[in-house]
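In: here are the coordinates; sequence isn't available:
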């Protein structure tokens, strides 16, 4: 789109929104992400109330958002608006809200799902007699899937024991353990699912992120856990953290090198996983020179 006049930026219209949506779809973003971007943009437009778009107006909106959301949540809105302004060649760029390291760590810890939390969610599914959510949570955790990848767990994939998942333009093979596969096939047979995705929402489509989030929030309430922990991909992150213990490395972004886990991180992971093998626990303690007295739990 052509460069807009910095001193004469008109209000955002419906044509702009539709063009932006089409642009996001062409970028192969997921439907959920597209909906989130468009929703954030519409909320901003409603707040502007047909006022001309200016840098000062956008900065005021960020301050307004901080009265309604956390800093990290406000930054997701900033990201949306910056993407839109870049798409429309609007000469405005909003600065992100800076978070202190301590605050970031505190917010992350509050939302983090521990292994004990995961077990409480499984118990909650049993209390609600919800076999679908019980197996769904187990599948996300056992295989290490993001909620958006659950649709790839099909009857055909389970029968072969492997499925191929493409995410962020990268493809990987995911293996389905036989015990889990047998339980999933039994569940599918009981529910008349003979092909396609095993996890189907009431409307007949594969279970998506919003459906999973809604149901996990209900389970969190029953399990007396904070709703902050209900984000479905928290289970995938739990899977990643526990794999660090096995690999002895910290998983980082692809642009960063792998780093050794610190002693404190190993202690936290040991506390979460509570190794069943006493010999394995002793070996890890010896290997990383951790004294039993340093652990916040008894062994």
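Out: Thanks, I have the structure now. These figures come from a predicted structure and were not determined experimentally.

In: Nearest spatial neighbour of the spatially most central residue of the chain, chain-adjacent residues omitted?
Out: Closest to where the C-alpha atoms of the chain average out (Cα atoms, centre = their mean) is residue 233, at 3.3 Å. Sequence neighbours aside, residue 146 is the residue nearest to residue 233 in space, at 5.3 Å (criterion: Cβ to Cβ, 6 or more residues apart in numbering). All C-beta spots, glycine's among them, are computed from the backbone N, C-alpha and C.

In: In the chain, what helix or strand scores lowest on average pLDDT?
Out: Scoring the helices and strands of the chain by mean pLDDT, DSSP states H and E places strand 249-250 at the bottom, with a mean of 47.

In: how about the helices in the stretch 101-250 of the chain?
Out: For the stretch 101-250 of the chain, applying DSSP state H, counting those that start in this stretch gives helices covering 101-111, 115-127, 131-139, 155-160, 178-190, 209-222, 234-247.

In: now, of those helices, which is deepest in the fold?
Out: With neighbours taken as mean count of other Cβ atoms under 10 Å, the helices of the stretch 101-250 of the chain reach their highest mean count in helix 131-139, at a mean of 20.

In: Who are the packing partners of that one?
Out: In terms of contacts (3 or more Cβ pairs under 8 Å, 6 or more residues apart in numbering; DSSP states H and E), helix 131-139 is packed against helix 115-127, helix 178-190, helix 209-222.

In: So, low pLDDT: which residues of the stretch 151-299 of the chain?
Out: 168, 245-299 (pLDDT under 70).

In: go with 50
Out: Residues of the stretch 151-299 of the chain meeting the criterion pLDDT under 50: 249-259, 275-276, 279, 283.

In: So residue 177 is in contact with residue 141, correct?
Out: No: the criterion here is Cβ atoms under 8 Å, and residue 177 misses it with residue 141 at 11.5 Å.

In: The two: which has the busier surroundings?
Out: With neighbours defined as other Cβ atoms under 10 Å, residue 177 and residue 141 compare such that residue 141 has more, 20 against 12.

In: Now do the more buried one, the pLDDT please.
Out: On the pLDDT scale, residue 141 is placed at 89.

In: Give me the distance between the closest residue to it other than its chain neighbours and residue 154.
Out: Distances taken as Cβ to Cβ, 6+ apart put residue 235 closest to residue 141, at 5.2 Å, once the chain neighbours are dropped. Residue 235 sits 20 Å away from residue 154, taking Cβ to Cβ, to the nearest Å as the criterion.

In: cool, and residue 208?
Out: 15 Å.

In: Same check on residue 117?
Out: Distance from residue 117 to residue 154, by Cβ to Cβ: 29 Å.

In: For the closest residue to residue 218 other than its chain neighbours, which residues are in contact?
Out: Ranked by Cβ to Cβ, 6+ apart and with sequence neighbours excluded, the top spatial neighbour of residue 218 is residue 128, at 7.8 Å. Residue 128 makes contact with 218, 219, 222, according to Cβ atoms under 8 Å, 6 or more residues apart in numbering.

In: ditto for residue 156
Out: If you count contacts by Cβ under 8 Å, 6+ apart, then residue 156 has 195, 196 around it.

In: Kindly recompute the last result at 10 Å.
Out: Counting by Cβ atoms under 10 Å, 6 or more residues apart in numbering, residue 156 makes contact with 163, 195, 196.

In: In this model residue 206 seems to touch the last one, though I could be wrong.
Out: Spelled out, that is residue 196. Yes: contact criterion Cβ atoms under 10 Å: residue 196 and residue 206 qualify, at 7.8 Å.

In: Which residue is the nearest non-sequential neighbour of residue 232?
Out: Nearest residue to residue 232, sequence neighbours excluded (Cβ to Cβ, 6+ apart): residue 147, at 3.7 Å.

In: right, and that neighbour touches residue 230 too?
Out: No: using Cβ under 10 Å, residue 147 is not in contact with residue 230; the gap is 11.2 Å.

In: which residues do the two both contact?
Out: Shared contacts of residue 147 and residue 230 (Cβ under 10 Å, 6+ apart): 212, 213, 216.

In: will you turn the residues you listed into JSON lines that also has distance to residue 69?
Out: As requested, the shared contacts of residue 147 and residue 230 are exported to JSON lines (distance: Cβ to Cβ, whole Å):
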{"residue": "212", "distance to residue 69": "22"}
{"residue": "213", "distance to residue 69": "17"}
{"residue": "216", "distance to residue 69": "21"}
